[in-house]
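Student: Give me the fold of what follows.
(one chain, ligands or ions: 2)
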Amino acid sequence: METRIVKVNRDNPEVELIKEGAELIKSGKLVAFPTETVYGLGANGLDEEAASKIFVAKGRPQDNPLILHVSSLEEVKQLVKSIPKQAEIIAEKFWPGPLTMIFERSSLIPDVITAGLDTVAIRMPDHKIALELIRASGVPIAAPSANTSGRPSPTIAQHVIEDLYGKIDMIIDGGATGVGLESTVLDLTGELPTILRPGGVTLEDLKPIIPDVTLDLSIVKDEDNIIPKSPGQKYRHYAPKAHMIVYCGQVDDIVEAIKNRAKELIEEGKTVGIMATDETKSSYQEGMVVSVGSRKDMGTIAHNLFNVLRNFDEKKVDIILSEGVEMEDLGTAIMNRMKKASGGNIIYV
Ligand code: TXA
Ligand code: MG
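Tutor: Residues are numbered from 1 along each chain as shown. Ligands and ions are numbered 1, 2, ... in the order given. Next up is the predicted model:
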């Protein structure tokens, strides 16, 4: 398949190019597009056959449901049984933005989207290109992250090209995404509002509005035997090809432990990538040292994380030794992705 790549201005999207993308969506084709979190792989969310193509292109397990993207709260009505008052208040505050909410689904939605569940995930992205594309398509757009299943999510168009070129119809290149991690998934259908996947809208952001919000156990605990409520949380994810170890604890202890381990590995003839931070990178004398961002601004780490993981793959390192961060605010989402990327390989120092 020929994949058309078009560059579109993020702040002032070219109407003609957006229309072209929307026509493809309407006719059941696949279009990758930027959002403020990561690039999405879009298809008509009301078209069973179109949405099925997403699973094939990504190599995604069929039991992992998709998020529907809308451009207004109004559009949610037809997709759900009802909009709880709480959801309305949350949408008012955080939409458009990096927050997905789980609702009881309506019968309009094809089963392939929800993987047969009674619920559906919906979000309104905070990105002009995404919003214009949804509006021009006139349908909710189903879109998982636009990566091959299991790989780190794409934060620039080049990542999408690497994974999906030749497998999809169009890639809209709108430059780098903002947050860099996927949206927060918030379940409002249970007894307590529960974060199933931490992201750009944090627990701390949500608390003042929904004080009883909690983190799902699978995020808090390291054990593998907790059954996740979000099907996507059970897969190894965001994973670089290299083996990866994450070090958690006091920063000085982390640096010491990574230095020691790097030395041993290099002596064994291994190529070692070190994922450091601005504050620590000059402490390392060996290995391929890359700073993922500043500990003083977690947003920079979230923004760069997936790109750094992909770059280590390109450099063909055998093993990545990564500094962990505090599990608070955006750090919760960062650690969640690092845990998944490393397959749970965490060392507490
Ligand atoms: O930021 C994002 O959310 C990006 C951009 C493109 O919007 N999309 C994204 O989609 O990350 P995806 O498919 O990679 O992740 C969707 C997550 C998965 O963990 C999935 O299991 C969960 O949402 N999910 C979807 N529908 C669900 C449902 N009905 N109940 C529980 N979890 C659900
Ligand atoms: Mg994904």
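Student: wait, Gly138 sits on Asn44?
Tutor: No - taking contacts as CB atoms under 8 Å, Gly138 lies outside contact range of Asn44: 9.4 Å. In this view, the C-beta of every residue, glycine as well, is placed from N, C-alpha and C.
Student: Of the two, which one has the most company?
Tutor: Per other CB atoms under 10 Å, whichever of Gly138 and Asn44 has more neighbours is Asn44, with 24 against 13.
Student: Pull the contacting residues for that one.
Tutor: 25-26, 28, 50-51, 137, 139, 141-142 (CB atoms under 8 Å, 6 or more residues apart in numbering).
Student: out of the residues you listed, which are buried?
Tutor: Buried members of the contacts of Asn44, scored by 16 or more other CB atoms under 10 Å, are 25, 28, 50-51, 137, 139, 141-142.
Student: anything in contact with each of Gly138 and Asn44?
Tutor: Contacts common to Gly138 and Asn44, judged by CB under 8 Å, 6+ apart, are Lys26.
Student: picking that back up, let's see which of the buried ones among the contacts of Asn44 end up in helices.
Tutor: Per DSSP state H, helices hold the following members of the buried ones among the contacts of Asn44: 25, 50-51, 137.
Student: Save those residues as TSV, and put in distance to ligand 1 too.
Tutor: Putting these into TSV (distance: CB to the nearest ligand atom, whole Å) gives the following:
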residue	distance to ligand 1
Ile25	14
Ala50	15
Ala51	11
Ser137	15
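Student: ok, back up a step: closest to Glu268 out of the contacts of Asn44?
Tutor: For the contacts of Asn44, the residue nearest Glu268 by CB to CB is Ala142; the value is 45.8 Å.
Student: neighbours around the residue lying closest to that closest one once chain neighbours are set aside, how many?
Tutor: Closest residue to Ala142 apart from its sequence neighbours, by CB to CB, 6 or more residues apart in numbering: Gly45 at 3.8 Å. Gly45 has 30 neighbours, counted by other CB under 10 Å.
Student: again, but for Glu326
Tutor: Taking other CB under 10 Å as the neighbour definition, Glu326 ends up with a count of 14.
Student: That one: what secondary structure?
Tutor: Going by DSSP: H, G, I helix; E, B strand; the rest coil, the secondary structure assigned to Glu326 is coil.
Student: try Asn336
Tutor: Using three-state DSSP, the three-state assignment for Asn336 comes out as helix.
Student: same question, the one 3 residues further on
Tutor: Counting by three-state DSSP, the backbone at Lys339 sits in helix.
Student: same thing with Thr300?
Tutor: helix.
Student: hang on, it packs against Gly293?
Tutor: Yes - checked against CB under 8 Å, the pair Thr300 and Gly293 is within contact range at 3.2 Å.
Student: So if I had to pick from the two, which one is more boxed in?
Tutor: Neighbours of Thr300 and Gly293, each counted by other CB under 10 Å, are more numerous for Gly293; the result is 23 against 18.
Student: for the residue of the stretch 151-300 of the chain found nearest ligand 2, phi and psi?
Tutor: Residue of the stretch 151-300 of the chain nearest ligand 2, by CB to the ion: Ser153 (5.5 Å). Main-chain torsions, Ser153, degrees, to the nearest 10: phi -60, psi 150.
Student: From ligand 1, how far out is the residue nearest to Ala142?
Tutor: Plainly put, Gly45 is 12 Å away from ligand 1 if you go by CB to the nearest ligand atom, to the nearest Å.
Student: which ones are touching the closest residue to ligand 1 within the stretch 51-200 of the chain?
Tutor: Among all residues of the stretch 51-200 of the chain, Pro144 sits closest to ligand 1, at 2.9 Å; criterion: CB to the nearest ligand atom. When contacts are counted by CB under 8 Å, 6+ apart, Pro144 touches 40-41, 54, 58, 60, 64, 66-67.
Student: Show me the chain divided up by domain.
Tutor: For the chain, whose domains are defined here by automatic domain parsing, the residue ranges read 4-220, 243-348.
Student: got the ones you listed as CSV, with mean pLDDT and distance to Lys229 columns?
Tutor: Below are those laid out as CSV (pLDDT from 0 to 100; distance: least, CB to CB, whole Å):
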stretch, mean pLDDT, distance to Lys229
domain 4-220, 97, 5
domain 243-348, 97, 14
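Student: picking that back up, restrict the contacts of Asn44 to contacts with ligand 2.
Tutor: Judged by CB under 5 Å from the ion, the overlap between the contacts of Asn44 and the neighbourhood of ligand 2 is nil.
Student: closest to Gly178 among these?
Tutor: When the contacts of Asn44 are compared for distance to Gly178 (CB to CB), Ile141 wins out at 18.6 Å.
Student: in the stretch 151-300 of the chain, which spans are strands?
Tutor: Secondary structure of the stretch 151-300 of the chain (DSSP state E, counting those that start in this stretch): strands located at 170-173, 184-187, 194-197, 214-215, 243-248, 272-276, 288-291.
Student: Just name the most buried of those strands.
Tutor: Across the strands of the stretch 151-300 of the chain, averaging neighbours per residue (mean count of other CB atoms under 10 Å) puts strand 272-276 on top, at a mean of 26.
Student: quick one: that one to strand 243-248, angle?
Tutor: Between the axes of strand 272-276 and strand 243-248, defined by axes from the mean of the first three to the mean of the last three CA atoms, to 10 degrees, the angle is 30 degrees.
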